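A.B. asks: here are the coordinates; sequence isn't available:
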């Protein structure tokens, strides 16, 4: 058993899932992987099940009954990881927008350099996004600027989904009281960690848009991220 778990939520990722799993296992640091699949109709879970025979005690699968939001998938994975006492828990997308080679850098930022939370940041050193249309780049970049302005959180990439957490951070945050289920989930988790006094550091990464499969971005997700931040700021920490 590794001391670090990579959580990858999936829904209809059959084009990417085997390749991303193999890429993670090829890293010099040994990581375990948990796939949290929302009952994908394209057979993603079946591919994972077959690979579990090749990677016993390294690759794990949790299947949820339906698609119920990115945030709830990660919370499911966080609780699974906490129960099994992983020291470091990493969020990662299945579509290679997050480079598996950067897993080592995020892990070292927490395990060697003292961070409680390490963020794979697209915006800490300019704008490091590849293959996104300019409209989407601007939306994402300005959303992070907006969140920083409203909340005061000293993070350049508040919506980043490539994050390493120390277990004690996730144990301290009241996961059952996290309100958001879409991409605003990423903002809320970072906000809670910051308000609780944990050390958050950004690691500059290059984000590359998916080449296979379909994006899960929607108007509702953007709305939640933009307008939910105001509610989050006013609400503060859960009681």
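C.D. replies: Alright, I've got the coordinates. Here the structure is a predicted model, which is why all the values come from computation and not from measurement.
A.B. asks: And the helices in the chain?
C.D. replies: Listed in chain order, the helices found in the chain under DSSP state H are 17-25, 44-54, 70-83, 103-111, 134-151, 167-172, 184-195, 219-235.
A.B. asks: among those, which is nearest residue 207?
C.D. replies: helix 134-151 (9.0 Å; C-beta to C-beta). (Each C-beta comes from the backbone N, C-alpha and C, glycine too.)
A.B. asks: Would you mind identifying the helix or strand in the protein with the lowest mean pLDDT?
C.D. replies: Sorting the helices and strands of the chain by mean pLDDT, DSSP states H and E puts helix 219-235 at the bottom, at a mean of 63.
A.B. asks: Name the surrounding residues that touch stretch 197-212.
C.D. replies: 15-16, 95-99, 102, 105-106, 109, 113-122, 124-125, 128-132, 154-157, 162, 166, 169, 172, 190, 193-194, 215 (C-beta atoms under 8 Å, 6 or more residues apart in numbering).
A.B. asks: Please name the residues that touch residue 4.
C.D. replies: So residue 4 contacts 29, 30, 31, 32, 86, 87, 88, 89, 90, 107, 111, 164 (C-beta under 8 Å, 6+ apart).
A.B. asks: cool, and residue 13?
C.D. replies: Contacts of residue 13 by C-beta under 8 Å, 6+ apart are 40, 42, 44, 94, 95, 213.
A.B. asks: With residue 121 instead?
C.D. replies: 155, 156, 157, 160, 202, 203, 204, 205.
A.B. asks: what are the bridge partners for it, then?
C.D. replies: Legend: beta-bridge partners of residue 121 under DSSP bridges are residue 204.
A.B. asks: Tell me the spacing between the closest residue to residue 173 other than its chain neighbours and residue 90.
C.D. replies: Spatial nearest neighbour of residue 173, chain neighbours left out: residue 192 (4.9 Å); criterion: C-beta to C-beta, 6 or more residues apart in numbering. Residue 192 is 18 Å from residue 90, where distance means C-beta to C-beta, to the nearest Å.
A.B. asks: and the two? which has more neighbours close in?
C.D. replies: Remark: of residue 192 and residue 90, residue 90 carries more neighbours, 26 against 21, as counted by other C-beta atoms under 10 Å.
A.B. asks: I figured the more buried one hits residue 6, correct?
C.D. replies: Yes: because the distance of 4.8 Å satisfies C-beta atoms under 8 Å, residue 90 is recorded as touching residue 6.
A.B. asks: about what we covered before: ok, the contacts of residue 121 vs residue 59, which is closest?
C.D. replies: Among the contacts of residue 121, residue 205 lies closest to residue 59 (C-beta to C-beta), at 23.8 Å.
A.B. asks: For this structure, list the residue farthest from the centre, please.
C.D. replies: Most distant from the centre of the chain: residue 53, at 25.8 Å, with distances by C-alpha atoms, centre = their mean.
A.B. asks: got a pLDDT number for that one?
C.D. replies: We have a pLDDT of 97 for residue 53.
A.B. asks: where's it relative to residue 73, distance?
C.D. replies: 24 Å.
A.B. asks: One more: residue 136?
C.D. replies: Taking C-beta to C-beta, one finds residue 136 at 22 Å from residue 73.
A.B. asks: With neighbour numbers in mind, choose between these two.
C.D. replies: residue 73 (24 against 14).
A.B. asks: For residue 145, report the pLDDT, please.
C.D. replies: 83.
A.B. asks: Distance of it relative to residue 203?
C.D. replies: Distance, residue 145 to residue 203, by C-beta to C-beta: 19 Å.
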